[in-house]
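> dropping a prediction and its sequence here:
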Amino acid sequence: MNYRLRVHPGIAPQWERLTAGGPMLTTPGWLRAMAGRLGGRTLTFVVEQGGEACLALHATVQPVPRPGEVFDLHHVLVSEAPALPLTEASRAARAELSRRAEMSGRAVPEPSRWTPNLLVMLPGYECLPVGPAATSPAALAVAVDGILDWAANAGIATVAFLYTRPEATALTGALSAAGFVAMPLSLTWELPVPSGGFDAYLASLPRKRAAEAGRELARLTANGVRLRHLPGDAITPVVPALARLRGQLVSKYRGGCDEGAERGRLESLLHGVAGGRAQVVLADAGDTVVGFALFAPFGDGWQCLALGYDYTDRRSRFAYFGTAFYGAVPLASAQGARRIGYGQGSARAKQDRGCVGTPLTAWLHSTDPELMATARTAASTTALIPGQRTS
């Protein structure tokens with residue numbers, strides 16, 4: 001096949017052509033909006049055939065641990081990782097792994113042992129090959145083997161592909177053949193949108209969950225909160241307020257926030273990703289905005305791009321459910337959207353509100369035998385909560 005791998009610093013110039021018609025997470029606008037989110041040094045691995053690019057993968061070199069992040073290898077592979085949708089038995093088994101290691105006089109490799117590493121992943125927390133050869137076993141085998149060679153030559157012992165979907169069989173076949181350890185680790189969530197609007201949505205939920213949705217909406221009303229829709233051309237004036245709310249959410253989960261950077265990212269999402277077609281659901285308490293959910297139409301559905309809430313205002317309680325689900329569903333339905341994508345996180349909340357989870361798998365390869373042994377042991381005890389909605 002005469003495939004050849006080239007490595008480009010940053011985003012390769014061929015990326016835009018290779019991603020034409022692809023998922024939103026691969027678009028140049030998304031990458032620009034999310035620039036810096038993964039930290040480290042960005043690289044593009046491009047496979048060429050006959051001098052023409054036919055496949056590309058986005059990667060970053062992670063120089064130091066990033067505690068609590070779902071791209072920090074120590075955190076997601078061996079810790080109890082409370083944000084991941086693991087079963088309680090899995091968390092207990094991970095805790096037991098650490099306890100047994102300590103009793104035997106050794107410790108589970110500490111966070112610094114897992115870096116530097118090469119992380120093959122988009123800043124939307126998925127690994128998606130792009131290009132006409134994205135499903136070619138031969139091209140992907142060249143990519144995987146070449147990536148391992150590049151890492152070895154760069155003095156990087158550990159390579160991780162986070163996170164692959166079940167349908168990525170050609171990529172996962174290449175990873176398995178190259179000796180990577182597989183670990184189902186997360187779920188990405190999608191809500192099927194009924195054509196019958198909010199009533200049809202409630203009817204699709206189990207009876208107890210539908211009743212709970214009614215109670216949550218009533219509590220929002222009792223708190224003086226109303227849900228309001230803003231289309232793309234009306235969003236710009238409220239961006240400063242949205243950035244403040246977004247800053248609170250980021251600070252809550254990451255311990256700090258640059259509000260100016262969040263504002264810039266929101267503006268990039270509005271213009272570079274949503275292309276002026278963004279949809280926002282606001283939670284208003286009088287003249288104060290206490291929460292929002294930002295969506296972009298893409299393909300046959302919507303994608304949730306950003307959320308933000310005022311955690312200092314008690315009236316914001318239940319605003320997440322109101323903006324992200326109850327206010328969004330009737331709007332998406334009226335516009336003919338068939339689904340809403342929410343990504344990872346908040347597994348129980350999403351599942352309870354009708355979302356269906358698709359399992360995502362992490363893949364690890366390391367020339368450090370202790371890291372590989374630890375990953376294999378952790379993989380043998382790791383299991384996800386069921387992703388399908390149950391009654």
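Yep, it's here.

> hmm, Leu282 is touching Pro231, no?
No. Counting by C-beta atoms under 8 Å, Leu282 does not reach Pro231; the two are 11.8 Å apart. (Each C-beta comes from the backbone N, C-alpha and C, glycine too.)

> neighbour count winner among those two?
Leu282 (25 against 12; other C-beta atoms under 10 Å).

> so for the strand or helix carrying the more buried one, what's the average pLDDT?
Assigned by DSSP states H and E, Leu282 belongs to strand 279-285. For strand 279-285, the mean pLDDT works out to 97.

> output the helix or strand just after that strand as CSV, nothing but the C-alphas.
Following strand 279-285 in sequence order, the next helix or strand is strand 288-298 (DSSP H and E). What follows is strand 288-298, C-alpha atoms only, in CSV (Å, rounded to 0.1, in the frame of the first residue of the first chain):
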residue,chain,number,x,y,z
THR,A,288,-30.5,37.7,36.9
VAL,A,289,-29.3,34.9,34.7
VAL,A,290,-28.5,32.0,37.0
GLY,A,291,-27.8,29.3,34.4
PHE,A,292,-27.4,28.5,30.8
ALA,A,293,-26.9,25.7,28.3
LEU,A,294,-25.4,26.4,24.9
PHE,A,295,-26.1,24.1,21.9
ALA,A,296,-25.0,24.0,18.2
PRO,A,297,-27.0,22.3,15.5
PHE,A,298,-24.8,19.9,13.7
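
> ok so Asp149 is a strand residue?
No. Under DSSP: H, G, I helix; E, B strand; the rest coil, Asp149 falls outside any strand and is assigned helix.

> so how far is Thr172 from it?
20 Å (C-beta to C-beta, to the nearest Å).

> these two - which one has more neighbours?
Using other C-beta under 10 Å, the more surrounded residue of Asp149 and Thr172 is Thr172, with 20 against 11.

> check contacts around that one.
For Thr172, the contact set (C-beta atoms under 8 Å, 6 or more residues apart in numbering) comprises Thr164, Ala182, Thr361, Trp363.

> figure out how far the helix or strand harbouring the second one is from the centre of its chain.
Read it as Ala182. According to DSSP H and E, Ala182 maps onto strand 181-192. In terms of C-alpha atoms, centre = their mean, to the nearest Å, the centre of strand 181-192 is found 9 Å from the chain centre.

> adjacent strands (with direction) for that strand?
Strand pairing for strand 181-192, using DSSP bridges, gives strand 339-343 (antiparallel), strand 356-366 (antiparallel).

> as a markdown table, these with mean pLDDT, mean neighbour count and distance to Leu217 would be great.
As requested, the strands paired with strand 181-192 are exported to a markdown table (pLDDT from 0 to 100; neighbours: other C-beta atoms under 10 Å; distance: least, C-beta to C-beta, whole Å):
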| stretch | mean pLDDT | mean neighbour count | distance to Leu217 |
| --- | --- | --- | --- |
| strand 339-343 | 97 | 22 | 18 |
| strand 356-366 | 98 | 22 | 22 |
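
> could you give the backbone dihedrals for the residue most central in space within the chain?
Centroid check for the chain by C-alpha atoms, centre = their mean gives Tyr125 as the closest residue, at 3.7 Å. Note on Tyr125: backbone dihedrals following degrees, to the nearest 10 are phi 70, psi 40.

> residue contacts, it?
Val70, Phe71, Leu162, Tyr163, Ser186, Thr188, Gly343, Gln344 are the contacts of Tyr125 under C-beta under 8 Å, 6+ apart.

> what about this protein, any weak spots by pLDDT?
1, 101-106, 388-391 (pLDDT under 70).

> how about the helices in the stretch 101-250 of the chain?
137-153, 169-177, 197-204, 207-222, 239-254 (DSSP state H, counting those that start in this stretch).

> who's the closest residue to Tyr163 other than its chain neighbours bridged to?
Leaving aside its sequence neighbours, Tyr163 sits nearest to Leu360 (C-beta to C-beta, 6 or more residues apart in numbering; 3.5 Å). For Leu360, the beta-bridge partners are Ser186 (DSSP bridges).

> then Ala306?
Here Ala306, judged by DSSP bridges, has bridge partners Leu294.

> right, and it touches Leu294 too?
Yes. Under the criterion of C-beta under 8 Å, Ala306 makes contact with Leu294 at 4.4 Å.

> out of the two, which sits in the more crowded spot?
Per other C-beta under 10 Å, whichever of Ala306 and Leu294 has more neighbours is Leu294, with 26 against 23.

> quick one: contacts for that one?
Leu242, Leu266, Leu269, Leu270, Ala278, Gln279, Val280, Cys304, Leu305, Ala306, Leu307.

> which residues does stretch 244-260 contact?
68-69, 243, 262, 266, 289-292, 306-312.

> would you mind writing the CA trace of it as CSV?
This file holds the C-alpha atoms of stretch 244-260, laid out as CSV (Å, rounded to 0.1, in the frame of the first residue of the first chain):
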residue,chain,number,x,y,z
ARG,A,244,-19.2,34.5,34.5
LEU,A,245,-21.5,31.5,34.9
ARG,A,246,-19.2,29.3,33.0
GLY,A,247,-16.3,30.4,35.2
GLN,A,248,-18.1,29.3,38.3
LEU,A,249,-18.7,25.8,36.8
VAL,A,250,-15.0,25.5,35.7
SER,A,251,-13.8,26.7,39.1
LYS,A,252,-16.0,24.2,40.9
TYR,A,253,-14.7,21.2,39.0
ARG,A,254,-11.1,22.3,38.2
GLY,A,255,-10.2,24.5,41.1
GLY,A,256,-9.8,27.7,39.2
CYS,A,257,-10.7,29.6,36.1
ASP,A,258,-9.5,32.4,33.8
GLU,A,259,-12.8,34.1,33.0
GLY,A,260,-11.3,36.0,30.1
